[in-house]
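[1] Turn this into a model:
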Amino acid sequence: MPSLAPAHKHRLILALLLLAAMAATLFWVRLGIPVKMADAPSGRIACVSYAPFYKEGEAPYDPKFIVTAERIEQDLRALSQRFDCVRTYSVGKGMDQVPRIARKVGMKVLLGVWLNRNPKDNAEEMAVATQLAQEEKAAGVQTIKAIIVGNEVLLRGELPQTKLAEHIRAMREATSLPVTYADVWEFWLKYREVEKAVDFVTIHILPYWEDRPVAVEDAVDHVRNILERMQAAFPDKQFLIGETGWPSAGRQRWGAVPSVVNEARFLREFLVLAEKEKINYNVIEAFDQPWKRGLEGTVGGYWGIFNSQLEAKFPMTGPVIEEVDWMKGPIAGLLLAVLFVVLARAAKISKYPTKNLRSTAVLALSGYATGAILAAQWRHMEFANRFATEWVITGFWGILALITTAWIAFKLARWMDQANTALLPPLPAVADFNTAPDGIRWLGVLRAMWLFAAVVVDLLLVYDARYRDFPTLLFAPAMTSFILLALISYRAPLGIEEKLMAAAIAIMGIVVVILELPINGSAVLWVLFGWSFAAAIPVWHKQSQ
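    Alright, predicted model coming up:
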């Protein structure tokens with residue numbers, strides 16, 4: 001920015017760093033603010049989806065995993081303190097033991113039969129469910145309230161409605177129990193043959209997953225409206241809301257923001273509605289399911305009322321706090337601020353002088369903002385990362401973000417010490433990468449790496465965005481640092497590849513915003529960082545006047 005005097009640039013850089021530090025602090029403070037909301041009408045909930053695959057590495061598609069009776073009893077005893085029944089999705093993998101154990105702990109069961117496109121698998125599920133129902137009948141007990149034959153089979157396109165209807169009718173004839181099928185509400189309107197086969201209609205209403213996602217403040221009204229619409233479409237049928245809930249972590253979709261506070265708000269408000277209007281329901285789900293992150297992204301693993309350590313995420317009455325340990329973010333910021341200043345003072349004074357109060361402020365503010373933001377990134381990694389490879393990849397870029405911001409903070413601090421000059425000491429003209437001084441060359445390497453990474457992320461967000469998080473926290477420190485570096489017109493050779501990557505970021509940012517309309521705050525923030533970074537590239541390499 002050649003038109004600004006050095007003193008003005010000093011103030012602008014300090015103001016931007018102060019703004020970054022304040023934004024990082026606000027992020028953490030908001031997580032620690034108790035949020036008031038409606039209390040649940042009761043400590044008990046009618047029914048909840050139960051799957052025992054809540055430990056890392058466990059999944060229903062793992063052929064080696066069979067849930068033990070001990071695990072099921074442990075889970076159901078805990079759930080019986082809050083829930084009256086559980087809904088299951090399969091009788092395989094040891095889940096055929098659920099009715100017996102539920103009866104032992106005083107719970108009812110909505111027994112699920114998993115159907116897919118494999119006739120052999122379907123026959124086995126049907127046979128086991130039939131046997132369980134017949135055994136209960138012979139024993140004169142009825143733990144199984146109803147049998148749900150198939151879950152979202154039509155949504156997945158794995159069976160035609162005629163074949164599905166055959167399975168439903170066969171189960172009713174074999175067991176004499178109420179039989180239903182469960183799917184998202186729109187598919188009941190498309191496949192009317194299935195409605196004729198069931199005893200009652202089981203619909204899934206998940207405001208977050210709607211084609212037009214619904215914000216949490218409107219979510220319960222949306223559930224009510226959909227239920228009324230379905231009751232009008234099928235006036236002769238009883239209804240069960242087979243799945244409804246809200247995720248506690250993951251990417252924002254339109255105005256639908258996953259969070260613990262929003263999950264608590266939705267569930268409490270829904271329970272108030274359910275009691276007032278006598279709605280039959282089942283909420284999803286009992287425990288977080290880490291394995292679902294592989295199918296639905298981060299958000300898929302966080303629909304549980306309990307986390308994967310079997311701890312309740314929120315109370316059913318009183319205020320709710322998003323992050324009890326919210327102070328760890330500011331603490332991380334303070335520690336890194338001290339580290340930046342200490343490292344700069346420990347460096348050769350001729351290279352990184354820090355006697356100037358302004359340069360010390362640059363180091364402290366850069367360190368604080370970087371520490372607080374990377375602490376938030378670490379928190380996100382704990383939610384999102386599934387296996388070692390993801391930890392290595394995100395860990396590498398996190399370390400690179402720290403290196404990038406520290407290096408540029410030292411450059412900015414040194415420049416701040418040049419009280420009587422507008423620039424760092426003059427640099428010789430550089431025609432290409434190989435003739436540039438080492439410091440400039442390596443900053444150029446870092447710049448190219450972050451440009452390339454941003455282009456890759458934007459490509460993924462353009463072509464496959466539904467289950468992808470916005471990595472703003474990971475990129476923000478480095479992008480901000482390069483933007484600040486542009487303010488002092490710090491020069492480095494700029495190749496045609498980098499110019500093309502900057503242009504690609506600018507263009508794809510427009511596409512990302514359009515795809516995420518109406519306004520998605522997470523998407524807008526990511527795109528604004530990308531645009532600012534891309535815009536800084538042509539400035540950074542120019543000779544200052």
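
[2] which helices and strands does the helix or strand harbouring Val48 pack with?
    Val48 belongs to strand 45-49 when elements are defined using DSSP states H and E. Strand 45-49 sits against strand 83-87, with contacts defined as 3 or more C-beta pairs under 8 Å, 6 or more residues apart in numbering; DSSP states H and E. All C-beta atoms are positioned from the backbone trio N, CA, C, and that covers glycine.

[3] measure Thr68 to Glu285 for me?
    The gap separating Thr68 from Glu285 is 20 Å, by C-beta to C-beta, to the nearest Å.

[4] Neighbour count: these two, which is higher?
    Per other C-beta atoms under 10 Å, whichever of Thr68 and Glu285 has more neighbours is Glu285, with 22 against 11.

[5] surely that one meets Ala51?
    Yes - because the distance of 6.8 Å satisfies C-beta atoms under 8 Å, Glu285 is recorded as touching Ala51.

[6] ok, and for the longest helix along the chain, which residues are buried?
    In the chain, with assignment by DSSP state H, the single longest helix is helix 388-417. Under the neighbour-count criterion of 16 or more other C-beta atoms under 10 Å, helix 388-417 has 394, 397-398, 400-402, 404-417 buried.

[7] ok, now stretch 245-260?
    Residues of stretch 245-260 classed as buried by neighbour count (16+ other C-beta under 10 Å): 245-254, 256-260.

[8] Okay, now the unreliable bits of the chain?
    Counting by pLDDT under 70, the chain has low-confidence residues at 1-7, 348-355, 418-440, 489-494, 538-545.

[9] Give me the domain ranges for it.
    What the record gives for the chain is the domain set 6-31+324-540, 45-301, from automatic domain parsing.

[10] quick one, which of those is nearest to Met316?
    Of all the domains of the chain, domain 45-301 sits nearest to Met316, with 6.7 Å by C-beta to C-beta.

[11] The closest one: end-to-end distance?
    With C-alpha to C-alpha, to the nearest Å as the measure, the ends of domain 45-301 fall 21 Å from one another.

[12] for Glu152, phi and psi?
    Dihedral pair for Glu152: phi 50, psi 30, per degrees, to the nearest 10.

[13] Test my guess that it contacts Val184.
    Yes - counting by C-beta under 8 Å, Glu152 touches Val184, with 6.7 Å between them.

[14] now the domains of the chain as JSON lines including distance to Gly318?
    JSON lines is the format used below for these (distance: least, C-beta to C-beta, whole Å):
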{"stretch": "domain 6-31+324-540", "distance to Gly318": "14"}
{"stretch": "domain 45-301", "distance to Gly318": "10"}
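
[15] The closest residue to Phe306 other than its chain neighbours: neighbour count?
    Distances taken as C-beta to C-beta, 6 or more residues apart in numbering put Phe287 closest to Phe306, at 5.0 Å, once the chain neighbours are dropped. Phe287 sits with 25 neighbouring residues when counted by other C-beta under 10 Å.

[16] isn't Phe287 right up against Val48?
    No - counting by C-beta under 8 Å, Val48 is not a contact partner of Phe287; they are 9.3 Å apart.

[17] Quick check: neighbours shared by the two?
    Residues touching both Phe287 and Val48 by C-beta atoms under 8 Å, 6 or more residues apart in numbering: Ile305.

[18] ok, now how distant is Val299 from Glu243?
    15 Å.

[19] what comes into contact with stretch 336-346?
    By C-beta under 8 Å, 6+ apart, the residues outside stretch 336-346 that reach it are 352, 354, 359-360, 363-368, 370-371, 374, 406, 409-410, 413.

[20] Same question for stretch 62-77.
    For stretch 62-77, contacts defined as C-beta under 8 Å, 6+ apart pick out 50, 52-53, 58-59, 86, 93-95, 97-98, 101-102, 104-105, 107, 286-287, 310.

[21] Quote the end-to-end distance of stretch 347-358.
    17 Å.

[22] Give me the phi and psi for Val149.
    Dihedral angles (degrees, to the nearest 10) for Val149: phi -90, psi 100.

[23] Show me what it is bridged to.
    Val113 (DSSP bridges).

[24] list the residues that contact both of Glu152 and Val184?
    Contact criterion C-beta under 8 Å, 6+ apart; residues shared by Glu152 and Val184: His204.

[25] Report the spatially closest residue to the residue positioned nearest the centre of the chain, excluding sequence-adjacent ones.
    The centroid of the chain falls nearest to Gly250 when counting by C-alpha atoms, centre = their mean (0.9 Å). Once flanking residues are discounted, Gly250 sits nearest to Val299: 2.5 Å by C-beta to C-beta, 6+ apart.

[26] now do Glu158
    Closest residue to Glu158 apart from its sequence neighbours, by C-beta to C-beta, 6+ apart: Arg117 at 4.3 Å.

[27] For my notes, confirm that neighbour occurs in a strand.
    No - looking at Arg117 with DSSP: H, G, I helix; E, B strand; the rest coil, it is coil, so not inside a strand.

[28] That one contacts Leu164, correct?
    No - using C-beta under 8 Å, Arg117 is not in contact with Leu164, being 11.4 Å away.

[29] Between these two, which is the more surrounded one?
    Leu164 (24 against 12).

[30] What are the buried residues along stretch 311-324?
    Result for stretch 311-324 [16+ other C-beta under 10 Å]: buried residues 313-314, 316, 320-323.

[31] Can you list the buried residues in stretch 280-296?
    Within stretch 280-296, the residues scored as buried using 16+ other C-beta under 10 Å are 281-293, 296.

[32] cool, stretch 462-470 as well?
    Buried residues in stretch 462-470 (16+ other C-beta under 10 Å): 465, 469-470.

[33] next one: stretch 448-458
    Neighbour counts using 16+ other C-beta under 10 Å place 448, 450-451, 453-455, 457-458 of stretch 448-458 among the buried residues.

[34] How about stretch 185-204?
    By 16+ other C-beta under 10 Å, the buried positions in stretch 185-204 come out as 185-188, 191, 194-195, 197-198, 200-204.

[35] With secondary structure and distance to Phe234 as extra columns, can I get those residues in JSON lines?
    JSON lines is the format used below for those (DSSP: H, G, I helix; E, B strand; the rest coil; distance: C-beta to C-beta, whole Å):
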{"residue": "Trp185", "secondary structure": "helix", "distance to Phe234": "11"}
{"residue": "Glu186", "secondary structure": "helix", "distance to Phe234": "13"}
{"residue": "Phe187", "secondary structure": "helix", "distance to Phe234": "13"}
{"residue": "Trp188", "secondary structure": "helix", "distance to Phe234": "7"}
{"residue": "Tyr191", "secondary structure": "coil", "distance to Phe234": "12"}
{"residue": "Val194", "secondary structure": "helix", "distance to Phe234": "11"}
{"residue": "Glu195", "secondary structure": "helix", "distance to Phe234": "6"}
{"residue": "Ala197", "secondary structure": "helix", "distance to Phe234": "13"}
{"residue": "Val198", "secondary structure": "coil", "distance to Phe234": "10"}
{"residue": "Phe200", "secondary structure": "coil", "distance to Phe234": "10"}
{"residue": "Val201", "secondary structure": "strand", "distance to Phe234": "6"}
{"residue": "Thr202", "secondary structure": "strand", "distance to Phe234": "12"}
{"residue": "Ile203", "secondary structure": "strand", "distance to Phe234": "10"}
{"residue": "His204", "secondary structure": "strand", "distance to Phe234": "15"}
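
[36] circling back: which among the contacts of stretch 62-77 end up buried?
    50, 52-53, 58-59, 86, 93-95, 97-98, 101-102, 107, 286-287.

[37] which of those residues sit farthest apart?
    Maximum distance among the buried ones among the contacts of stretch 62-77 (C-beta to C-beta): 24.6 Å, for Ala59 and Met107.

[38] Could you check how far His380 is from Ile373?
    His380 sits at a distance of 11 Å from Ile373 (criterion: C-beta to C-beta).

[39] quick one: which of these two has more around it?
    The neighbour comparison of His380 against Ile373 (other C-beta under 10 Å) goes to Ile373, with 29 against 19.

[40] packing partners for the strand or helix carrying the more buried one?
    Element membership for Ile373 (DSSP H and E) is helix 357-384. Applying 3+ C-beta pairs under 8 Å, 6+ apart, we find helix 357-384 packed against helix 6-31, helix 328-346, helix 388-417, helix 472-487.
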